[in-house]
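Trainee: Predicted coordinates and the sequence they were generated for:
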Amino acid sequence: MDGVINQITATRIGRLAFKSVRPLLHFARHMAHPDIPTHQKITNVSFRGRHFAIVHRRNFPDSCVIDQCFTQAQYDMPVGAHGVLIEGIYNQIVSAGKQPLIIDCGANIGASVLWFIARYPSAHIVAVEPAPDNFSLLKRNTTGLDVDLVQAGIAADDGLAHLSDPGKGEYGYRTTQADDGPEVAMVSIRTLLTTKPISHYTPFLLKMDIEGAEKPLFEGDTTELNRFPLIIMEPHDWLLPGQNSSRPFFHFHAAAGREFCMKHENIASITAHASLLEMTTGLKN
């Protein structure tokens, strides 16, 4: 529908015509979805037989994150031998009678959470998002699913910070220690894991899109982070030039002897395993 509207409003006559019928269009939308305000819409997406109706704002940032997750499949990584390894770890956790634990840091409106649900249907997800407007949509989009929601930012230690809007849109909110916005709670991976007993859950995937907050996170104690066989992170050196925001991550990655791959704007840190060498060389350890 939006594509048709864009075509119509590409000309002056089209814009005038659309202006006259816009009230009727809003009325029809309200009748079809009376619980959704006119500044929001529904986008239907599918992956691996799962279908979701994502409620989101009529803006570029929300449409972009949905496209990144379900059209570009940016989190469908790693592949090859690393993909075989991660799939095997996932299946081993399930076979052991436990749930693979996914922690989604910077869950935004929930598009990534829904993609992970479709990709790893036996997993339990903790979705962490500090911004109230994003969190409201995240809550709506994950209602009734096996997802725990945490309205907070991610940090090396529990505490408080401030939520900053640098003008990048709803997918660019940033937590900072500078007094540059409303106060928000900060939670550590360590604290999140204490709520998930090892008798029921096994750390599996840690996803981070936290707009530069990865720097102080990886400067802290990374013991709990290293428990995740797969870490997927969007680095933000491009957004914060001169701040070396990814350097602590790479220090952690190298010191832990993990392996590396990338897809689109995301990088993956993968636990080292003897099977990787066996799959590529045929050597038996």
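Mentor: Perfect, thanks for sending it. Numbering: from 1, shown residues only.

Trainee: Just give the number of residues close to the nearest residue to Val187 once chain neighbours are set aside.
Mentor: Of all residues not flanking Val187 in the chain, Ala152 sits nearest, at 4.4 Å (Cβ to Cβ, 6 or more residues apart in numbering). Where you see a C-beta, it was placed from the backbone N, CA and C, and this is true even at glycine. Neighbourhood size, Ala152 [other Cβ atoms under 10 Å]: 22.

Trainee: distance of Ala152 from Asp179?
Mentor: In this view, Ala152 and Asp179 are 18 Å apart by Cβ to Cβ, to the nearest Å.

Trainee: those helices in the stretch 101-250 of the chain, which residues are they?
Mentor: 111-119, 132-141, 189-194, 214-219, 247-255 (DSSP state H, counting those that start in this stretch).

Trainee: and of those helices, who's closest to Gly80?
Mentor: In terms of Cβ to Cβ, the element of the helices of the stretch 101-250 of the chain nearest to Gly80 is helix 111-119, at 16.8 Å.

Trainee: tell me what that closest one is packed against?
Mentor: Packed against helix 111-119 by the contact rule (3 or more Cβ pairs under 8 Å, 6 or more residues apart in numbering; DSSP states H and E) you find strand 40-47, strand 50-57, helix 60-70, strand 99-105, strand 124-128, helix 132-141, strand 201-208.

Trainee: ok, Ser199 - how many residues close by?
Mentor: Look at Ser199: counted by other Cβ under 10 Å, it has 8 neighbours.

Trainee: List the contacts of it.
Mentor: By Cβ atoms under 8 Å, 6 or more residues apart in numbering, Ser199 lies in contact with Lys98.

Trainee: If you drop the residues flanking it in sequence, what lies closest to Phe47?
Mentor: Ala118 (4.1 Å).

Trainee: That neighbour against Tyr75, yeah?
Mentor: No: between Ala118 and Tyr75 there is no contact under Cβ atoms under 8 Å: 10.6 Å.

Trainee: where's the residue nearest to Phe47 relative to Met77, distance?
Mentor: Distance, Ala118 to Met77, by Cβ to Cβ: 15 Å.

Trainee: Looking at the two, which is more packed in?
Mentor: Neighbour totals were compared for Ala118 and Met77, and Met77 leads with 20 against 17 (other Cβ under 10 Å).

Trainee: Can you pull the phi/psi pair for the more buried one?
Mentor: phi -150, psi 160 (degrees, to the nearest 10).

Trainee: Make sure it is actually in contact with Ile267.
Mentor: No: Met77 is beyond contact range of Ile267, at 9.0 Å (criterion: Cβ under 8 Å).

Trainee: so what sits against both of those two?
Mentor: Common neighbours of Met77 and Ile267 (criterion: Cβ under 8 Å, 6+ apart): 232, 261.

Trainee: Could you list the domains of the chain?
Mentor: According to automatic domain parsing, the chain comprises the domains 2-31, 73-152+166-173+189-281.

Trainee: Throw these into a markdown table and include mean pLDDT and distance to Val45, thanks.
Mentor: Output for these, formatted as a markdown table (pLDDT from 0 to 100; distance: least, Cβ to Cβ, whole Å):
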| stretch | mean pLDDT | distance to Val45 |
| --- | --- | --- |
| domain 2-31 | 59 | 15 |
| domain 73-152+166-173+189-281 | 94 | 7 |
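
Trainee: nearest to Gln40, of those?
Mentor: Taking the domains of the chain one by one with Cβ to Cβ, domain 73-152+166-173+189-281 is closest: 8.1 Å.

Trainee: Without its sequence neighbours, what residue ends up closest to Glu211?
Mentor: Of all residues not flanking Glu211 in the chain, Arg174 sits nearest, at 4.2 Å (Cβ to Cβ, 6+ apart).

Trainee: Neighbours of the one you found, how many?
Mentor: Using other Cβ under 10 Å, Arg174 has 24 neighbouring residues.

Trainee: residues touching it, list them.
Mentor: For Arg174, the contact set (Cβ under 8 Å, 6+ apart) comprises 163-166, 211-213.
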